[in-house]
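Colleague: Predicted model, plus sequence, below.
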Amino acid sequence: MPAVNPAPGHPELASGPAPAQTPAPAGDPRPASDPSSASSPAPAGRKIVLEPEEIRRALTRIAHEILERTDGGAGVVLLGIPTRGVPLARRLAERIEQVEGRPIPHGSLDITMYRDDLRLRPARALGRTEVPAGGIDGGIVVLVDDVLYSGRTVRAALDALNDLGRPRAVQLAVLIDRGHRELPVRPDYVGKNLPTSKQEVVRVMLAEVDGEDAVLLGRADSGGRE
Amino acid sequence: MNRHLISAGDLTRDDALLILDTADELAQISDRPIKKLPTLRGRTVVNLFFEDSTRTRISFEAAAKRLSADVINFSAKGSSVAKGESLKDTALTLEAMGADAVIVRHSASGAPQRLAGWVRGTVVNAGDGSHEHPTQALLDSFTIRRHFGRSASSRAAGAGAGDGALDGLRVTIVGDVLHSRVARSNVLLLHTLGAEVTLVAPPTLLPVAVGSWPCSVSYDFDAALPKSDVVMMLRVQQERMNAAYFPSVREYSRRYGLDAARMAQLPDQAIVMHPGPMNRGVEIAAEVADSARSTIVEQVANGVSVRMAVLYLLLGGAEGDS
């Protein structure tokens, strides 16, 4: 694949609230809250980094990129990683269908049983795995997740795929790439590159799961998931 | 959830639903070309069977292997138990071998409870005397859920409502309740999940304390049939009978056996279950056992999924209390 790594800063997406802020006091790069910047109310200690409209545009762009790089989406199967990767995969499939006029197989891939940190926490409930009827053999699987962080989820997903079949290629689409990789994993499609510190928490909210669309950035102690 | 699974009565409604929902997901594995998950890699599961068993032992073994655990099978025949070794010494031997889980079947009620006090690993009761058989009850509830559209997959498809429990379903359990660990575990679990349970048996085959169980009791099978969504037939456990509990097998079969005529009295959607092994012609007629309403073979297949869920939830996470 050509060197089209979506490097930091999609100009059209870098216009979130962050640049509009007044300079933060020296020594504190993360203003805890900035009431002037958020148009919709964000929980205390968090700031909105993507508005619903920006999420919509990012997904539309990713849908077009997938079509470009897979020659019109032939053989593409979109598999979302629960919880929030699943609605994202469905939205991408809808957009591709709007452009191409034919349905794109999509489903979900639960990776819980393949995690490398199972023994660090109590056993957790499983998500759903739904592979489209055509299977994945010989296709181009695009894994879809909300946030790319350590890369361990993707590693687990690759193992899970291995037990399901043998795709021709596997690609990765994420809404947010927040850096701090611990494994050699690189996304093919990125909604927004979001430089973060490890003390911060990125929370993706989607209407299907959370009732509204937003991406929030907050401190680790303000709750939420990575 | 507790660290051990000794009694179906220890499970809360949420625990039971978590196990059943997990089993729903794991059931998909059976349809795949590669029926294996790496989840319990490096864990050791010991099947400690002091009593004969075919399906339960094989089912646990298949479940553990599909989760990539190492399985050691131990049956009392041909072991040091035949030389007089006690349960405790056997347990300590297993402990020294590093068993992470012990699946135990024993003819003495309460043996798994004792064992849980002696070993560090997780203990799963695979049937103790006439006390309990919790994984059988779980797989029975799992089977009922699937037939009445309350499994996780049918709820995801929008077909069923609710949280996947068995609220409002009428389950009739028929036969040798006195000697049945399956009956006791089922009554406890079905009650937890909201089903209405009726026990039907001759008075001699009901335990003395049945009045304290969360179910109703009837001696009239024919009256219970039209009011049953599920009929669960129990095996007449001749090997545990040291007295005459009924005049003759033929009379038992006439009054408490499920034949085609009785099956015809059931509502249209009703299913017929049996934990196995069956005495065809005694508690269940062959034509009923082989009919479309019978879930007997399906129960065996579901057993593997449910036991995978139990092993995963007990062994898959961090050690110690959650």
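Modeller: Looks like it came in fine. Numbering: from 1, shown residues only, chains lettered A, B, ... in the order given.

Colleague: Measure how buried the residue in the stretch 151-300 of chain B that chain A sits nearest to is and give me the count.
Modeller: Nearest to chain A in the stretch 151-300 of chain B, going by CB to the nearest CB, is B:A156, at a distance of 6.4 Å. Backbone N, C-alpha and C define where each C-beta goes, glycine included. Residues lying near B:A156 (other CB atoms under 10 Å in any protein chain shown) number 12.

Colleague: Contact partners for it?
Modeller: A:R128 (CB atoms under 8 Å, 6 or more residues apart in numbering or on different chains).

Colleague: near chain A, which residues of the stretch 1-150 of chain B show up?
Modeller: Neighbours of chain A within the stretch 1-150 of chain B, by CB under 8 Å from any CB of the partner chain: B:18, B:21-22, B:25-26, B:28, B:32-34, B:36-39, B:67.

Colleague: Same list as before, the residues you listed that is, but in CSV and with neighbour count and secondary structure included.
Modeller: Shown next, in CSV, are the residues of the stretch 1-150 of chain B next to chain A (neighbours: other CB atoms under 10 Å in any protein chain shown; DSSP: H, G, I helix; E, B strand; the rest coil):
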residue, neighbour count, secondary structure
B:L18, 19, helix
B:D21, 22, helix
B:T22, 25, helix
B:E25, 22, helix
B:L26, 24, helix
B:Q28, 15, helix
B:R32, 14, coil
B:P33, 7, coil
B:I34, 11, coil
B:K36, 12, coil
B:L37, 22, coil
B:P38, 17, coil
B:T39, 23, coil
B:L67, 25, coil
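
Colleague: which one of these is nearest B:C215?
Modeller: B:L18 (23.9 Å; CB to CB).

Colleague: what residue ranges in chain B score low on pLDDT?
Modeller: Residue ranges of chain B with pLDDT under 70: B:158-161, B:319-322.

Colleague: Please enumerate the strands of it.
Modeller: B:44-49, B:70-75, B:101-106, B:122-128, B:170-174, B:196-200, B:216-218, B:230-233, B:271-273 (DSSP state E).

Colleague: can you tell which of these is closest to A:V215?
Modeller: strand B:122-128 (40.6 Å).

Colleague: so where do the helices sit in chain A?
Modeller: Along chain A, counting by DSSP state H, helices occupy A:17-20, A:52-69, A:85-100, A:152-164, A:207-210.

Colleague: Kindly compare burial across the ones you listed and name the winner.
Modeller: helix A:85-100 (a mean of 21; mean count of other CB atoms under 10 Å in any protein chain shown).

Colleague: What average pLDDT does that one get?
Modeller: Mean pLDDT, computed over helix A:85-100, is 96.

Colleague: Out of the residues of the stretch 1-150 of chain B next to chain A, which two are the most distant from each other?
Modeller: Farthest pair in the residues of the stretch 1-150 of chain B next to chain A, by CB to CB: B:L18 and B:P33, 28.0 Å.

Colleague: Figure out how far stretch B:252-264 is from the centre of its chain.
Modeller: 23 Å (CA atoms, centre = their mean, to the nearest Å).

Colleague: Not counting it itself, show me its contacts.
Modeller: Taking CB under 8 Å, 6+ apart as the rule, stretch B:252-264 contacts B:174-175, B:200-202, B:221-222, B:225, B:231, B:233, B:236, B:246, B:272, B:281-285, B:287-288, B:291, B:293.

Colleague: and if you look at stretch B:69-84?
Modeller: B:40-51, B:57, B:61, B:64-65, B:85, B:90, B:94, B:97, B:99-101, B:311, B:315.

Colleague: among those, which ones are buried?
Modeller: Among these, those scoring as buried are B:40, B:43-51, B:57, B:61, B:64-65, B:90, B:94, B:99-101, B:311, B:315 (criterion: 16 or more other CB atoms under 10 Å in any protein chain shown).

Colleague: residues in contact with B:A116?
Modeller: Contacts of B:A116 (CB under 8 Å, 6+ apart): B:H4, B:I6, B:V123.

Colleague: run the last query once more with 10 Å
Modeller: The neighbours of B:A116, taking CB atoms under 10 Å, 6 or more residues apart in numbering or on different chains as the test, are B:N2, B:R3, B:H4, B:L5, B:I6, B:A91, B:V102, B:V104, B:T122, B:V123, B:V124, B:N125.

Colleague: Can you pick out the most distant pair from those residues?
Modeller: Counting by CB to CB, the most remote pair of the contacts of B:A116 is B:N2 and B:A91, 18.5 Å apart.

Colleague: List phi and psi for the spatially closest residue to B:I29 that is not a sequence neighbour.
Modeller: Setting aside the residues directly before and after it, B:I29 is nearest to B:K35 in space (CB to CB, 6 or more residues apart in numbering or on different chains), at 5.4 Å. Note on B:K35: backbone dihedrals following degrees, to the nearest 10 are phi -90, psi 60.

Colleague: now the closest residue to A:A93 other than its chain neighbours: how far from B:L199?
Modeller: The shortest distance from A:A93 to any non-neighbouring residue, by CB to CB, 6+ apart, is to A:H106 (4.0 Å). Distance, A:H106 to B:L199, using CB to CB, to the nearest Å: 48 Å.

Colleague: what residues are up against residue 126?
Modeller: All of this is about chain A. Here A:L126 is in contact with A:82, A:110-113, B:18, B:21-26, B:152, B:309, B:312-313, B:316 (criterion: CB under 10 Å, 6+ apart).

Colleague: hmm, I had chain B in mind actually
Modeller: Contacts of B:A126 by CB under 10 Å, 6+ apart are B:5, B:47-49, B:51, B:53, B:56-57, B:59-60, B:102-106, B:112, B:132-136, B:181, B:307.

Colleague: From B:M233, how far off is it?
Modeller: For B:A126, the distance to B:M233 - CB to CB - is 21 Å.

Colleague: same question, B:R13
Modeller: 26 Å.

Colleague: Those two: which is more packed in?
Modeller: Between B:R13 and B:M233, B:M233 has the larger neighbour count (other CB under 10 Å), namely 27 against 13.

Colleague: and stretch B:245-258, how far apart are its ends?
Modeller: Taking CA to CA, to the nearest Å, stretch B:245-258 runs 19 Å from one end to the other.

Colleague: I misspoke; the intended subject was stretch B:215-225.
Modeller: 16 Å.

Colleague: Okay, buried residues for it please.
Modeller: B:C215, B:F221, B:A224, B:L225.

Colleague: wait, which of those residues is closest to B:G303?
Modeller: Closest to B:G303, out of all of those and judged by CB to CB, is B:C215, at 23.3 Å.

Colleague: For A:E182, what are phi and psi?
Modeller: phi -110, psi 0.

Colleague: That one contacts A:L148, correct?
Modeller: No. Using CB atoms under 10 Å, A:E182 is not in contact with A:L148, being 11.3 Å away.
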